[in-house]
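Chemist: Sequence plus predicted model, see below.
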Amino acid sequence: MAVATIDAAKQRARVAVRTAAGELARISREIHVHPELAYHERHAVAQLAPFLEGHGFALVERGVYGLETAFRGDWGHGPVTIAICAEYDALPKIGHACGHNLIATAGVGAAVGLVAALEPADARVVILGTPAEELGGGKVAMIRHGAFDDIDVAMMAHPMAVDIADPPMLGVAHVDVVYHGRAVHASVAPEQGRNALDAVVTAYQAVAQLRQHIRRDARLHGIITDGGVAANIVPERAAATFYVRAQQPRYLQELKQRVQGCFEAGALATGCELEADWHEDSEYAPLRSNRPLAEAYRSNGEALGRRFLDVKNVSTGSSDMGNVSQVVPSIHPTFGIGQMIFNHTPEFTAAVVTDVAHESMLQAAEALAMTGVDVALEPELLRRIKADFAAAGR
Ligand SMILES: [Zn+2]
Ligand SMILES: [Zn+2]
């Protein structure tokens, strides 16, 4: 399609996002001040769905794909289907320390911008409300229920310290481990006890020792969630939760085996019984950023004045968008919020509702919508996106 036509469409997208700027900032603040944990994001959905319905999406269906706080809105009937994902869950105790209030508003803002830019015959635009990124993996469940079966490309944008078009994201396995020992008075008859806390401590130390000898694109970390009930009772139950992360799927499986060995060491040393639940049905896959799609996002972002970092070995986390990226061509760029601070800190919680952060969110919404315009109106780009996806899958 002619460049002028595409540029005009992008301009319409930007105008729509800017027209909704006040509403988007209000919704961001509203979600931020009511942080809701994974699968409980009812207040967030009650803000986002009506906004979409007021801006071009006839009906936003709530409670889709078996998840009460997931939603889906559809617009248009063109030959290509573009999905935008909106996350909105918070963290325990520190609220929106990952800035998902900004993901949600960048997502619905982008969807509204894209709808304003296109004709219904150009594309189908799908907005997906995706709960539980921080815990549980809402997108993993949504994939299982077919949410991405009819999608050609999927996009979202995540706040961070800096803008990176194709940030690495590690695969992650979550494991809950419980040891069962034997309770007894810790002073009267300690020789009769089997100390489950000792088992956890031994396992924790073994994981800490293993950590020194793993690849640098892998991570091991955990917490003790149960350490007994009283100092004068030998703990008969103790528990911990660990995350095992790696960039390479095969290395992730290898590391899981070695961590399992650490758990068994705790059981052997203490005579306790081990129960390890690896939650394999909700493992997060590493992110496979679609290169042509990420490049399109980057050039749209740069046209708006954003500057992107090229660091490839950046320390990073994980996302259930990784799983989406394994089934459809996807991007998960990050956008800076104006401060060099890290996600999952109280400082980040405070930073994601500033005017600077909201301006970044609006630009992310514009860049996502502009990238959607490229996908819808440039068949050659879509062809390259699909070729890149097929090549990476080999
Ligand atoms: Zn997070
Ligand atoms: Zn996050």
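Modeler: Looks like it arrived, so ask away. Ligands and ions are numbered 1, 2, ... in the order given.

Chemist: Can you point out the buried residues in stretch 156-163?
Modeler: Met156, Ala157, His158, Pro159, Met160, Ala161, Asp163 (16 or more other CB atoms under 10 Å). For every residue, glycine as well, the C-beta is placed using N, CA and C.

Chemist: Next, the contact list for the residue lying closest to the last one once chain neighbours are set aside, please.
Modeler: Here the nearest residue to Asp163 in space, its sequence neighbours aside, is Phe308; by CB to CB, 6 or more residues apart in numbering that works out to 4.8 Å. Contacts of Phe308 were listed using CB atoms under 8 Å, 6 or more residues apart in numbering, and they are Asp163, Ile164, Ala165, Arg298, Gly301, Glu302.

Chemist: What count of nearby residues applies to the third one?
Modeler: Neighbours of Ala165 under the rule other CB atoms under 10 Å: 27.

Chemist: cool, and Gly54?
Modeler: Gly54 has 11 neighbouring residues, counting by other CB under 10 Å.

Chemist: Also Ala392?
Modeler: Ala392, neighbours per other CB under 10 Å, totals 14.

Chemist: And for Ala58, nearest residue in space, chain neighbours not counted?
Modeler: Trp75 (7.6 Å).

Chemist: Ramachandran coordinates for the one you found?
Modeler: Here is the backbone geometry of Trp75 (degrees, to the nearest 10): phi -140, psi 140.

Chemist: which strand residues sit across from it in the sheet?
Modeler: For Trp75, the beta-bridge partners under DSSP bridges are Val125.

Chemist: So what pairs up with Glu273 in the strands?
Modeler: Per DSSP bridges, the residues bridged to Glu273 are His180.

Chemist: I'd like the distance between it and His180.
Modeler: 4 Å (CB to CB, to the nearest Å).

Chemist: ditto for Asn101
Modeler: From Asn101 to His180 the distance is 41 Å (CB to CB).

Chemist: These two: which is more packed in?
Modeler: Taking neighbours as other CB under 10 Å, Asn101 and His180 compare with Asn101 leading, 31 against 16.

Chemist: Thought Ala86 was touching the more buried one, still the case?
Modeler: No: contact between Asn101 and Ala86 fails when scored by CB atoms under 8 Å: they sit 10.3 Å apart.

Chemist: Helices of the chain, residue ranges please.
Modeler: 3-19, 21-33, 42-53, 100-117, 138-144, 196-211, 249-270, 291-303, 321-327, 346-351, 355-377, 379-392 (DSSP state H).

Chemist: Just put these in TSV and tack on mean pLDDT and distance to Ile127.
Modeler: Shown next, in TSV, are the helices of the chain (pLDDT from 0 to 100; distance: least, CB to CB, whole Å):
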stretch	mean pLDDT	distance to Ile127
helix 3-19	96	14
helix 21-33	98	13
helix 42-53	98	6
helix 100-117	98	4
helix 138-144	97	13
helix 196-211	98	40
helix 249-270	98	30
helix 291-303	98	17
helix 321-327	98	14
helix 346-351	98	25
helix 355-377	98	11
helix 379-392	96	19
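
Chemist: Out of the ones you listed, which is closest to Gly171?
Modeler: helix 249-270 (4.8 Å; CB to CB).

Chemist: Check which helices and strands that closest one sits against.
Modeler: Applying 3 or more CB pairs under 8 Å, 6 or more residues apart in numbering; DSSP states H and E, we find helix 249-270 packed against strand 171-180, helix 196-211, strand 218-226, strand 237-246, strand 273-277.

Chemist: From the chain's centre, how far out is the longest one? Work that out for me.
Modeler: Spelled out, that is helix 196-211. Helix 196-211 has its C-alpha centroid displaced from the chain centroid by 29 Å (CA atoms, centre = their mean, to the nearest Å).
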